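Undergrad: Quick one, fold the following:
(2 chains)
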Amino acid sequence: MAEPIVTLQSIEKRYGARTAIHDVSFQLYPGETVALVGMSGGGKSTIMRLIAGLEKPTSGRLAYRDPHIVTRVMFQNDRLLPWLSVQDNVGFGLRDPAVTELLAAVGLAEAADLYPAQLSGGQRQRLALARALLAQPQLLLLDEPLGALDALTRRNMQDLIMRICAERHLSSLLITHDVQEAARMADWIIVVKDGTNVYQTAGAKGQGPTVVASVGEDVLQVILQPAVTP
Amino acid sequence: MDNVTTITTSAKKQRRWQLPVNKLLPWLLPVAFLAIWQLSVSTGLITSTLVPSPWAIVQDGVDLWQSGTLQKNISISLYRATVGFAIGGSAGFLLGLANGLSQRSRALLDTPLQMLRNIPHLSLIPVVIILLGIGETAKISLVAIGVLFPIYINTYHGIANSDPELLEMGRSYGLSRWQLFTKVIFPGALPTILMGVRYALGVMWTTLIVAETISSTSGIGYMATNAQEFMNMKTVLLCIALYALLGKLSDLIAKGLESTFLTWREKGVTHNG
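TA: Predicted coordinates:
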């Protein structure tokens, strides 16, 4: 098996007296999509922020295969710059053939000169995806980017992200509280509960119902609760 | 679907009928006021030596223009306003930038600036006259001081209140400090800064008028005080009308700046509305 691109070993992160995560250990392999599933406030986002380098762990080992790894986060709310046009949002004003190419890849070629406020929720996340891809990251971190979308748009976005990750042999870490979404997109599911990873599935993609069942009724109950009333 | 279409067209038709009314309505009261004023003076209801008719004021304006005094005084006032605004505005902008961007600069300068801001700048007139006399420097300094604070406050707040989520995104997407400033911080602060510019333009005229009224030998303010000494009500009222026009001009400039630099905001509004 190839060397993991990211290794987390006994990671702990504390904010003052509050422990956000503890004893988190797992590995991400090249080309894989791994989903972190769990309740809001369970520590999923903290794990992602540590991997993205937005914060430093309090203790434990966080190692990258390539120390100059490029990671890009697709945030929960798209965080587009409202004063830049669609094409300028991709490269922060950079005009490059790569920008045009990416806009075409996410289906926004026609919208290049519009402003974010003129886009729909799904289009905004497409744009955020194009922006995340410009630097050709090795690892894409998806922080519940599809949470606010309607069911159909959400499904289309899942397909688009999966297709792009496969085409570019891109590893990705998906954060979601939707087990169905995780089972659809991820190769593995890691269940995060009370600040630590409590369960890891043997596989996920293409095994939808089996995996959802294997996560366990009790855990699933807890996980699915916030998904019903977001 | 059919129903929806009919409703929209009828709404459009209605709007087309209302449009001229809406455009004329703001002018109704001013025009009526002028008309009643003119009539009252013409019919002798008001003594024309005390309150001249609007038409007499216009004629006075034409006379002063032909003698060259009007242009001379307007241009000297415009000169003081512009130079004072440029100096005070740039100082306020730079201080606002420094304090918005640097913690250390903020710790050093914000408290003293907030203290100075609470002094009514017009109360500095005696100080300025004693120190600088009644020359151009005195009046330009007063305008500059008056303009400095609104621009400072708004620049500082606009910069310091940058959206932390956008900043985090920019940093994690590898933007340099300069790119972070030009692509994220400054555009986000611009609406607040332009609000400060609009307010400062108002302060600019008030300060100039007061300064020229108290200590000057030229300018629109001087024209008014001078006319008052000769009991020349026509010229006094002409000066007031000029202030109104110049104030409107500043407002148009401020609006122009907003529509030039904030096009993205209007785009958003069109979509939502």
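
Undergrad: Could I get the full set of helices for chain B?
TA: Counting by DSSP state H, one finds helices in chain B at the ranges B:2-42, B:54-67, B:69-101, B:103-117, B:125-132, B:136-160, B:164-172, B:177-179, B:186-214, B:220-229, B:233-261, B:263-272.

Undergrad: Quick check, the residue in chain A closest to chain B?
TA: Of chain A, the residue with the smallest distance to chain B, taken as Cβ to the nearest Cβ, is A:A117 at 2.9 Å. In short, each C-beta sits where N, CA and C put it, glycine included.

Undergrad: that's a helix at that residue, yeah?
TA: Yes - per DSSP: H, G, I helix; E, B strand; the rest coil, A:A117 lies within a helix segment.

Undergrad: shouldn't it be in contact with A:P82?
TA: Yes - with contact defined as Cβ atoms under 8 Å, A:A117 reaches A:P82; the gap is 6.0 Å.

Undergrad: so which of the helices of chain B is the most packed in?
TA: Among the helices of chain B, helix B:136-160 has the highest mean neighbour count (mean count of other Cβ atoms under 10 Å in any protein chain shown), at a mean of 23.

Undergrad: where does chain A have its least confident helix or strand?
TA: Of all the helices and strands that make up chain A, the one with the lowest confidence by mean pLDDT, DSSP states H and E is helix A:217-228; it has a mean of 50.

Undergrad: about what we covered before: I'd like to know which of the helices of chain B is closest to chain A.
TA: Closest to chain A of those is helix B:263-272 (Cβ to the nearest Cβ; 2.9 Å).

Undergrad: can you map out the strands along chain A?
TA: For chain A, the strands defined by DSSP state E cover A:6-15, A:18-28, A:33-37, A:59-64, A:71-74, A:139-143, A:171-176, A:188-193, A:196-200.

Undergrad: Could you dump these into JSON lines with mean neighbour count added?
TA: Below are the strands of chain A laid out as JSON lines (neighbours: other Cβ atoms under 10 Å in any protein chain shown):
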{"stretch": "strand A:6-15", "mean neighbour count": "17"}
{"stretch": "strand A:18-28", "mean neighbour count": "17"}
{"stretch": "strand A:33-37", "mean neighbour count": "26"}
{"stretch": "strand A:59-64", "mean neighbour count": "14"}
{"stretch": "strand A:71-74", "mean neighbour count": "24"}
{"stretch": "strand A:139-143", "mean neighbour count": "23"}
{"stretch": "strand A:171-176", "mean neighbour count": "26"}
{"stretch": "strand A:188-193", "mean neighbour count": "23"}
{"stretch": "strand A:196-200", "mean neighbour count": "17"}
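
Undergrad: export those to a markdown table and tack on mean pLDDT and distance to B:I130?
TA: What follows is these, written out as a markdown table (pLDDT from 0 to 100; distance: least, Cβ to Cβ, whole Å):
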| stretch | mean pLDDT | distance to B:I130 |
| --- | --- | --- |
| strand A:6-15 | 90 | 58 |
| strand A:18-28 | 88 | 61 |
| strand A:33-37 | 89 | 71 |
| strand A:59-64 | 91 | 67 |
| strand A:71-74 | 94 | 61 |
| strand A:139-143 | 93 | 63 |
| strand A:171-176 | 92 | 68 |
| strand A:188-193 | 83 | 72 |
| strand A:196-200 | 72 | 73 |
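
Undergrad: Show me which residues of the stretch 101-250 of chain B are close to chain A?
TA: Contacts of the stretch 101-250 of chain B with chain A, taken as Cβ under 8 Å from any Cβ of the partner chain, map to B:165-166, B:168-170, B:172-175, B:179, B:183-184, B:187-188, B:190.

Undergrad: switch to 10 Å and redo it
TA: Counting by Cβ under 10 Å from any Cβ of the partner chain, the stretch 101-250 of chain B comes close to chain A at B:163, B:165-175, B:179-180, B:182-184, B:186-188, B:190-191.

Undergrad: Isn't A:R49 up against A:L173?
TA: No - here A:R49 does not reach A:L173: they are 11.3 Å apart, not a contact under Cβ atoms under 10 Å.

Undergrad: Identify the contacts common to the two.
TA: Common neighbours of A:R49 and A:L173 are listed as A:73, A:141, A:143 (criterion: Cβ atoms under 10 Å, 6 or more residues apart in numbering or on different chains).

Undergrad: Quick check: chain neighbours aside, which residue is closest to the second one?
TA: Which is A:L141. With Cβ to Cβ, 6 or more residues apart in numbering or on different chains as the criterion, A:L141 has its nearest non-adjacent residue at 4.5 Å, and that residue is A:V73.

Undergrad: where's the one you found relative to B:G174, distance?
TA: Plainly put, A:V73 is 12 Å away from B:G174 if you go by Cβ to Cβ, to the nearest Å.

Undergrad: swap in B:L242?
TA: As judged by Cβ to Cβ, B:L242 and B:G174 stand 54 Å apart.

Undergrad: list the contacts for the residue nearest to the spatial centre of chain A?
TA: For chain A, the residue sitting closest to the mean C-alpha position, by Cα atoms, centre = their mean, is A:L142 at 1.5 Å. Contacts here follow Cβ under 10 Å, 6+ apart; on that basis A:L142 touches A:33, A:35-36, A:48, A:72-76, A:129, A:132, A:161, A:165, A:172-176, A:185.

Undergrad: Specify the beta-bridge partners of it.
TA: Beta-bridge pairing of A:L142, defined through DSSP bridges, involves A:M74, A:L174.

Undergrad: same check, this time on A:L62
TA: A:L62 forms beta bridges with A:L8, as assigned by DSSP bridges.

Undergrad: That one against A:V6, yeah?
TA: Yes - with contacts counted by Cβ under 10 Å, A:L62 reaches A:V6, the gap being 7.5 Å.
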